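**Q** need a structure here:
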Amino acid sequence: MNVFKNVLPYFCRGTVVHGFGRGSKELGIPTANLAKDVVEHIPQDIPTGIYYGWASVDGGEVHKMVMSLGWNPFYKDKTKSMEPHLIHHFKEDFYGATLSVCIVGYIRPEMSFNSVDELIAAIQSDIEVAKQQLDKPENRMYRDDNFFQEVLPKNSSL
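**A** Just a heads-up that it's a prediction; the model follows:
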């Protein structure tokens with residue numbers, strides 16, 4: 001994806017907020033929605049779509065992630081959102097935590113689906129693509145980036 005070479009990787013950080021309540025409940029795929037101020041600061045050069053990268057909660061362990069950036073056409077959302085799914089099992093929610101994200105690569109554009117089952121299958125496929133891509137040395141190196149070592153005050157964004 002040469003079109004992204006000038007904008008990725010992209011690093012950002014913000015507070016995890018309550019989203020639409022669909023990730024865990026309806027889809028079985030929990031997301032860590034980032035606050036509106038983080039979404040508003042995403043450069044225009046980064047189009048909506050599905051991405052992969054790395055993420056850390058409150059400066060902890062860095063995990064693989066897949067992320068939706070955009071309007072969620074299946075649900076016809078009116079608000080643009082940034083919804084990372086960390087590929088790790090967390091024992092509890094972490095609303096209010098600081099999430100540090102490194103967007104490394106692009107998977108596909110946003111799209112609508114004919115059913116929730118089709119959406120879930122697409123997300124599961126995106127997760128597998130993310131895992132494979134993030135195992136590549138040129139993507140794995142971002143897991144150890146100094147960005148994830150920085151400590152910011154709670155509820156700040158970068």
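**Q** Just list the residues touching Ile46, thanks.
**A** With contacts defined as CB atoms under 8 Å, 6 or more residues apart in numbering, Ile46 is in contact with 4, 7-8, 10, 69, 103. The way it works is simple: take the backbone N, C-alpha and C, and place the C-beta from them, glycine included.
**Q** taking the mean pLDDT, what do you get for the longest helix along the chain?
**A** The single longest helix within the chain, with elements called by DSSP state H, is helix 116-134. Per-residue pLDDT over helix 116-134 has a mean of 95.
**Q** With stretch 17-37 instead?
**A** 81.
**Q** What's the end-to-end length of that stretch?
**A** 11 Å (CA to CA, to the nearest Å).
**Q** Contact partners for Ala122?
**A** 111, 113.
**Q** Which stretches in this protein count as helices?
**A** Counting by DSSP H, the helices of the chain are 36-40, 116-134, 137-140.
**Q** okay if I get the ones you listed as JSON lines plus distance to Gly53?
**A** JSON lines is the format used below for the helices of the chain (distance: least, CB to CB, whole Å):
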{"stretch": "helix 36-40", "distance to Gly53": "14"}
{"stretch": "helix 116-134", "distance to Gly53": "8"}
{"stretch": "helix 137-140", "distance to Gly53": "8"}
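**Q** So for Gly96, which of those helices sits nearest?
**A** Proximity to Gly96 (CB to CB) singles out helix 36-40 among the helices of the chain, at 14.1 Å.
**Q** How about the longest helix of the chain, which residues are buried there?
**A** By 16 or more other CB atoms under 10 Å, the buried positions in helix 116-134 come out as 119, 122-123, 126-127, 129-130, 133-134.
**Q** Can you add distance to Pro84 and give the residues you listed back as JSON lines?
**A** Listed next are the buried residues of helix 116-134 as JSON lines, based on distance: CB to CB, whole Å:
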{"residue": "Leu119", "distance to Pro84": "17"}
{"residue": "Ala122", "distance to Pro84": "16"}
{"residue": "Ile123", "distance to Pro84": "12"}
{"residue": "Asp126", "distance to Pro84": "12"}
{"residue": "Ile127", "distance to Pro84": "12"}
{"residue": "Val129", "distance to Pro84": "15"}
{"residue": "Ala130", "distance to Pro84": "10"}
{"residue": "Gln133", "distance to Pro84": "15"}
{"residue": "Leu134", "distance to Pro84": "13"}
